[in-house]
Each structure stands twice: as structure tokens, then as C-alpha cells.
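> kindly generate the corresponding structure for this input.
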Amino acid sequence: MPSQQPLYVTELTLKSHPYIKQNNIQLQPKDSEKRNIIITGRNGCGKSTFLSLIKSFLNATATGSIGNKEHYRQALSQRQLVLDNTTPSDPNYALIKQQATSAQVNFDAVGGQLNVNFNIPFKPQSNSHALAYFEAKRLTDLTKPTNITAPVAQHKPIGDHNTGKQFLHHLVNRRSQLAFALEDNATSEVEEIRDWFTSLDKLFSRLFSKNVKLNFLRTQLDFELVADDGETIDLKNLSDGYSAIVNMVTEIIMRMEAIAFSGLNVSGIVLIDEVETHLHVALQREILPFLTAMFPNIQFIVTTHSPFVLQSVDDALIYDLESNQSIDQAEELWKYSYEALIDGYFEVDKFSGILRDKILKYKELTSGQELDRVEKKELRQLKKELESVPTFKNATIEAELKQLQLK
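Numbering: from 1, shown residues only. This next block holds a predicted model:
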């Protein structure tokens, strides 16, 4: 069974790291409450390295190898001391440098100089919390089931992404379990499995912004999504944006299943590098609200470049690794405008280009031509976006929006 109290990070401290710009980092949400954590900053400031250290600390804590941390710390100190006292002209310099690098890797594997505090004791080998880590490059790689087996999900180390691939196979196994439970008149088990499938229907309906249900293709041992209007969605063949999201969702679900068969309420911590990867602007706004709504007992710690991600939630701790400043949204509800977020390190030209394209499309759709249902929906969405979108301090764009009566 999952723990009664959700696990979450209450404090992150890091003295230093050779690949992270800032020293003496300390992140601590107000009142030590559960907050999602968003890490941002320029490329090259160390966001991915920071997230990787958190992953390593979680893994070392979960496996118990965190107990070796002091040993690796001393080994690194010794190797670094030798390197510092060796000149590049020394014939053994390359070997000594390699040994120091290996010592750094070993130290980082248990979190390096990072320290993480949790709200409750995190016991090694307990396997009671879902832990997941997603690198920046991710797309769905679901495998088609070929047979029916017992519906058993296995515990995997954080960072191992193979569990999500078996999602469809797991669905087929759960569906067969439902059939057997019906045959045996196991009423409580039938209700439990049906409730689980219902929770998945709700998840995918929210993701695709339409009412969909999982449909079992019995003769093919496969599943598809079917919408009320008859549209079918193949989870194995999605656009990059939806594929990236389904990749994360299925991995999280399978890791929950390895702990308990209890819907989507298992506790845990999920790390996502560049959460906006492959997502268009609308999905960038939706990704964190979607994940937090679907997995209420999961704490998400993510990195991002996207101002749309930063303003998508109102209950997160945002940390700028570039300036070493943090903002607790629960305390001040994010006072800063898009321009303030973007000015200095976001790719202003890139987002200005996106705005220009949207304005051109809006003009095209409002030129008086007759629109079909899809175009009308697109127009409504564009109007909504352009009315609230920033101008990025671009006078030309601001003038165009005012001319269209969108500002």
C-alpha cells in the first residue's frame, strides 16, 4: 500500500559543483509545505546538472548507497588535491586528471555536495514512493502486447525509462483480470479495476481536451482511445507534443502500479528536465496544471526556459539559477510579467516570431471567409491567446494587436 502521507522535498542545499554557476544554493518553500519546484535560467548555468544531482540523491537514498557519501567525498578531495598540485607538463597529468574526474562522477552518483531534506523519513528499500526522472529528449515508445500475463509492474531505479513502454501490455493484463473477476463474481475486485480504468479515461480526456475512453481491441490484444464523436487515437502514433506527455504519464502510472493498485494517488517525486520540450505554446501552459491535477500526491521538480510554463501555476517555488533568486508563488502569486521573466535570458526573438505567426493566422481567419468548425475553434483559441500574450517590448507587435482590438 502507498504511504498515508505523501513524500516531498522541503529543502535543497548545494555548496558548489564545477558545472553549476551558483554556489551556496538553498531552496526552501515557505512553511515547508508541498510545492512543485521550477528551476530556470540561461543555457549553460547548470539546470540539467542540478536536476541530475537531485536524481542521484533520491536514488542513493532509495537504495541506501547514500551511506557511502562521505567515502566518495574524501576520495574526491584526495584526487583533487593531487590534481591541484600537478602541472599540465607532468607526464602523469592526464591520468591524474582522469582519476579526479572519475572521483567527481562517483561523488555525484550519490548527490555530490547536494543535500535534500524531506517532510517525512525516506527509508531505503521501502519502495513506497514513485520516483521518476525524465531527460530533455523523450517520446513515447509504447510496445504492442503479444500475450496476456499476470498484471505485475516491477520496481525500477529512478531514471530507468523502460517501465512505461509496457503500459499497453499492462492495460491488456488488467482487462483480462477484469474478465476473470467478473467470471468469479468477485464484486469488489471488479469495481476496483473499473474505477482504475475510469481514472485513466479521465486523465486522457483532460490531456486531449475531449471526452475519450480506452477501448480494448480484443482480437489484437491492444488498446486505443475512442472519442464521443467516433475519432480514434492510437497512443503509439502521436504528434511529438502529445507523445512527450504520454511518455511521462505512462512511466509515472507504471511506477505507481509497482507500488500499489490504487488509482493515481500514490505519493512520489518526479523530475523533468526542460518540461516544455516538444510542446507548442498551448501545451506549455497546460503541462504542469495537467500533471499536478492528475497526480495530486506527486511533487514535480522541473527545469524550463518557457515563460508560459512559469506562469501556468500559482503554487510553486520558482528558482532562477542564473541570479540565485527564488520566488514562492504561494506567498506573492507571481507579480512578474512575461516581459520581466523573458528580459535578460529568454529567447525573445523566438517568441516574438511565434507571435507574428499567430497574428498573421488571426488576420487570415478574420478576413471574412467562411470558417469550418475546426477553424472557428482555432480562431477562438487564437483570440484568447493574443488578448493575454505579452508584446515582448516590441512596438510593432503591440501596435498590430491594438489595431486588431486585442490590446
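> just for the stretch 101-250 of the chain, where's the confidence low?
In the prediction, the stretch 101-250 of the chain carries residues with pLDDT under 70 at positions 150-152.
> let's see it at 50
For the stretch 101-250 of the chain, applying pLDDT under 50 flags no range at all.
> which stretches of the protein form strands?
Shown for the chain, the strands assigned by DSSP state E span residues 9-14, 25-27, 36-40, 114-118, 130-134, 212-217, 222-227, 232-233, 268-272, 298-303, 316-320, 325-328.
> got CSV for the ones you listed, with mean neighbour count too?
Any C-beta I mention is one placed from the backbone N, CA and C, and that applies to glycine too. Formatted as CSV, the strands of the chain follow (neighbours: other C-beta atoms under 10 Å):
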stretch, mean neighbour count
strand 9-14, 19
strand 25-27, 19
strand 36-40, 24
strand 114-118, 17
strand 130-134, 25
strand 212-217, 16
strand 222-227, 18
strand 232-233, 14
strand 268-272, 24
strand 298-303, 25
strand 316-320, 23
strand 325-328, 16
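> adding distance to T163, write the ones you listed out as TSV.
Shown next, in TSV, are the strands of the chain (distance: least, C-beta to C-beta, whole Å):
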stretch	distance to T163
strand 9-14	22
strand 25-27	29
strand 36-40	23
strand 114-118	23
strand 130-134	9
strand 212-217	19
strand 222-227	17
strand 232-233	22
strand 268-272	13
strand 298-303	15
strand 316-320	27
strand 325-328	33
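> my guess is F57 contacts S65, does it?
No. F57 is not in contact with S65 according to C-beta atoms under 8 Å; the separation is 10.4 Å.
> what is in contact with these two at once?
V110 (C-beta atoms under 8 Å, 6 or more residues apart in numbering).
> for L382, which of the strands of the chain is the nearest?
strand 222-227 (22.9 Å; C-beta to C-beta).
> and the closest residue to Q125 other than its chain neighbours, how close does it get to V110?
Leaving aside its chain neighbours, Q125 sits nearest to G64 (6.2 Å; criterion: C-beta to C-beta, 6 or more residues apart in numbering). Relative to V110, G64 is positioned 10 Å away (criterion: C-beta to C-beta, to the nearest Å).
> more neighbours, those two?
V110 (23 against 11; other C-beta atoms under 10 Å).
> distance check, that one against H161.
21 Å.
> likewise G111?
21 Å.
> those two: who's more crowded?
G111 (24 against 17).
> centroid residue for the protein?
I272 (3.6 Å; C-alpha atoms, centre = their mean).
> my read: that residue touches F134, true?
Yes. In this structure, I272 is within contact of F134 by C-beta under 8 Å, at 4.7 Å.
> could I get the full set of helices for the stretch 1-150 of the chain?
Using DSSP state H, counting those that start in this stretch, the helices of the stretch 1-150 of the chain run over 47-63, 69-84, 93-108.
> rebuild those helices as TSV, extending it with distance to E183 and mean neighbour count.
Shown next, in TSV, are these (distance: least, C-beta to C-beta, whole Å; neighbours: other C-beta atoms under 10 Å):
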stretch	distance to E183	mean neighbour count
helix 47-63	39	22
helix 69-84	53	15
helix 93-108	53	16
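> compare the ones you listed and give me the one nearest D222.
Closest among those, once you apply C-beta to C-beta, is helix 47-63, at 32.8 Å.
> now do the closest one, average pLDDT.
Averaged over helix 47-63, pLDDT sits at 93.
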